[in-house]
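Asker: with the sequence up front, the predicted model follows.
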Amino acid sequence: MSSNSLGISIRLSVMMFLQFFIWGGWFVTLGSYLGNNLQATDAQSSMAFSTQSWGAIIAPFIIGLIADRFFNAERILGVLHLIGAVLMYMMYQATDFANFYPYVLAYMILFMPTLALVNSVSFRQLTDPSKQFSKIRVFGTIGWVIAGIVISALAWDSQQGAQEGMLKYTFLMVAICSAVLGIYSFTLPKTPPQVDKGEKVTISDILGLDALKLLANKNFAVFFFSSVLICIPLAFYYQITNPFLLEIGMSNATGKQAIGQVSEVVFMLLLPVFLTRYGIKKTLLFGMLAWAIRYVLFAYGNADSGTWMLLIGIALHGICYDFFFVSGQIYTDSKAGAKIQSAAQGLITLATYGVGMLIGFWAAGQISGMYTNADGTHTWENIWLIPAGFSVLVFILFSVFFKNEKVAYKQD
């Protein structure tokens, strides 16, 4: 690797580290912060988490209409993060949910497009993305892990820290990091639009509606709707795991949740082996089943003798995410032709992080509210068994209606 290529790889790795440090630095503990600092109800917490889904739904407009056609990707990335720093600071200062919600909604509408922008900047600078990108993207996972470790090391997420309102400092920390990445983005290699500014653009182009033709294939349609359904229990993990762990008294909860991201790296390396040996159907089923097992472990685990159950449940994140979402992206890519590859991936993202998780966040708020006791604690066993049962149902439907097929996977 030339010194110039190494230099670009380092710069892109720093970008990825900051990007996911920012996301992991507040989103993991958001549920705990809302309950302890803003006295938000379970329904209000679901509203806050749903902003991620609204951001995912709106993101294609920002990327397709603006980023892909008029301005350099690195400049838009910088502007979005600088505005995000201001919004994060306003979230840090908010004293009640009514003041907090407009800022988190605006922030997520601006943040979700940055996930595509950091990929765009990276792909355009790499000479062989299939071999180089994973080595850069892993620094994003490292950033998410370190954010969790920092929060636990400072005891912001301890029971005492949460009760004293220290979780609000996660927003101040992220505001500073967002400002740093905003400024840093303007130093990244130039990534201009690749399309003719005068080219006519339609709503269909922006949303990638041409990819809808893939649903005519029965197997892909089963996969598509199963993806939406499995994202409903997925939302429970993001929304209520941290409040759950803090409420039952687990120490260093946020740091321990980072085990899930470490697991993600490990199983990412094992994914080609599973796809080759077991095929796409069984690999996807492994991912679905892992969600059910995880939630059963959460239902019956505790912070004392049952801590091992909680830790295994967290560690299953690698199988849950990689074996379903990453293998699903590979399957989608294999079904889409060159013309609609990007559109197909965008359609899956909109359906899962957008529609599926939007329903899931609402359901998590309703169900956790249903099992809230008079003293404010929750009957967690009942809460976790519901998404566990739903995951099993999706597992059964997918196993019956999806027919196995060979999917090419290019290993480095």
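Answerer: Yep, it's here. Numbering: from 1, shown residues only.
Asker: all helices for the stretch 151-300 of the chain, in order.
Answerer: When secondary structure is read from DSSP state H, counting those that start in this stretch, the stretch 151-300 of the chain shows helices at 159-163, 169-185, 203-207, 218-247, 253-257, 259-300.
Asker: lowest average pLDDT across those helices?
Answerer: Note on the helices of the stretch 151-300 of the chain: helix 203-207 shows the lowest mean pLDDT, a mean of 61.
Asker: tell me which element the nearest residue to Leu188 once chain neighbours are set aside is part of?
Answerer: In space, Leu188 comes closest to Glu74 once its chain neighbours are excluded; the distance is 4.2 Å by CB to CB, 6 or more residues apart in numbering. The way it works is simple: take the backbone N, C-alpha and C, and place the C-beta from them, glycine included. Element membership for Glu74, per DSSP states H and E: helix 73-93.
Asker: alpha carbons of that helix, as PDB, please.
Answerer: Taking C-alpha atoms only, helix 73-93 is exported to PDB below (Å, rounded to 0.1, in the frame of the first residue of the first chain):
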ATOM      1  CA  ALA A  73     -20.600  14.600  -0.100                       C
ATOM      2  CA  GLU A  74     -17.800  15.600   2.400                       C
ATOM      3  CA  ARG A  75     -19.100  19.200   2.600                       C
ATOM      4  CA  ILE A  76     -22.700  18.100   3.200                       C
ATOM      5  CA  LEU A  77     -21.400  15.700   5.900                       C
ATOM      6  CA  GLY A  78     -19.600  18.600   7.500                       C
ATOM      7  CA  VAL A  79     -22.600  20.900   7.500                       C
ATOM      8  CA  LEU A  80     -24.900  18.200   8.900                       C
ATOM      9  CA  HIS A  81     -22.600  17.400  11.800                       C
ATOM     10  CA  LEU A  82     -22.100  21.100  12.600                       C
ATOM     11  CA  ILE A  83     -25.800  21.600  12.800                       C
ATOM     12  CA  GLY A  84     -26.100  18.400  14.700                       C
ATOM     13  CA  ALA A  85     -23.600  19.700  17.300                       C
ATOM     14  CA  VAL A  86     -25.900  22.600  17.900                       C
ATOM     15  CA  LEU A  87     -29.000  20.400  18.200                       C
ATOM     16  CA  MET A  88     -27.100  18.100  20.600                       C
ATOM     17  CA  TYR A  89     -26.300  21.000  22.800                       C
ATOM     18  CA  MET A  90     -29.900  22.100  22.800                       C
ATOM     19  CA  MET A  91     -30.900  18.500  23.800                       C
ATOM     20  CA  TYR A  92     -28.300  18.700  26.600                       C
ATOM     21  CA  GLN A  93     -30.000  21.800  27.900                       C
END
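Asker: now it and helix 169-185, what's the angle there?
Answerer: Angle of helix 73-93 versus helix 169-185, following axes from the mean of the first three to the mean of the last three CA atoms, to 10 degrees, is 160 degrees.
Asker: neighbouring contacts of helix 73-93?
Answerer: The contact list for helix 73-93 (CB atoms under 8 Å, 6 or more residues apart in numbering) reads 22, 26, 66-67, 100, 103-104, 106-107, 110-111, 113-114, 117-118, 120-121, 124, 168-169, 171-172, 174-176, 178-179, 181-186, 188-191.
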